[in-house]
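Chemist: just coords:
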């Protein structure tokens, strides 16, 4: 069963949360202004290295600091270019969640909601 992690990413006085889903040797990554809650808008970021599943601390090149605030396993229920459905099995994030690209927005704009 693949793993997921939510990292709080802080740089200077700003922070956001990254939801990372293990798939195909990379982490599918979505950025949230606050801890992921349903419903929410998020941005699809570039895929990250699997090392972030276990990493906490300073990111190289002055890109800030990350701290793990949630982790667990998940079942991938559906994966399409514009939609992902997962069953998260974490401590705070439990249940079926849908991530869908917003049709009228930029490529990176996605919507997150619980089933």
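Modeler: All right, it came through fine. Note that this is a predicted model, so its numbers are computed, not measured.
Chemist: Name the helix or strand for the most centrally placed residue in the chain, please.
Modeler: Relative to the mean C-alpha position of the chain, the nearest C-alpha, by CA atoms, centre = their mean, is the one of residue 19, at 1.5 Å. Using DSSP states H and E, residue 19 maps to strand 14-23.
Chemist: picking that back up, these two touch, right, the residue nearest to the centre of the chain and residue 32?
Modeler: Yes. Using CB atoms under 8 Å, residue 19 is in contact with residue 32, at 6.6 Å. Bear in mind the C-beta positions are built from the backbone N, C-alpha and C, glycine included.
Chemist: any common contacting residues for those two?
Modeler: When contacts are counted by CB atoms under 8 Å, 6 or more residues apart in numbering, residue 19 and residue 32 are jointly contacted by 42, 112.
Chemist: Could you pull out the strands in this protein for me?
Modeler: 3-11, 14-23, 26-32, 40-44, 57-58, 65-80, 83-89, 94-101, 109-114 (DSSP state E).
Chemist: Now render these as a markdown table, adding mean pLDDT and distance to residue 50.
Modeler: Below are the strands of the chain laid out as a markdown table (pLDDT from 0 to 100; distance: least, CB to CB, whole Å):
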| stretch | mean pLDDT | distance to residue 50 |
| --- | --- | --- |
| strand 3-11 | 97 | 9 |
| strand 14-23 | 97 | 7 |
| strand 26-32 | 97 | 6 |
| strand 40-44 | 94 | 18 |
| strand 57-58 | 95 | 16 |
| strand 65-80 | 97 | 13 |
| strand 83-89 | 98 | 17 |
| strand 94-101 | 97 | 19 |
| strand 109-114 | 95 | 21 |
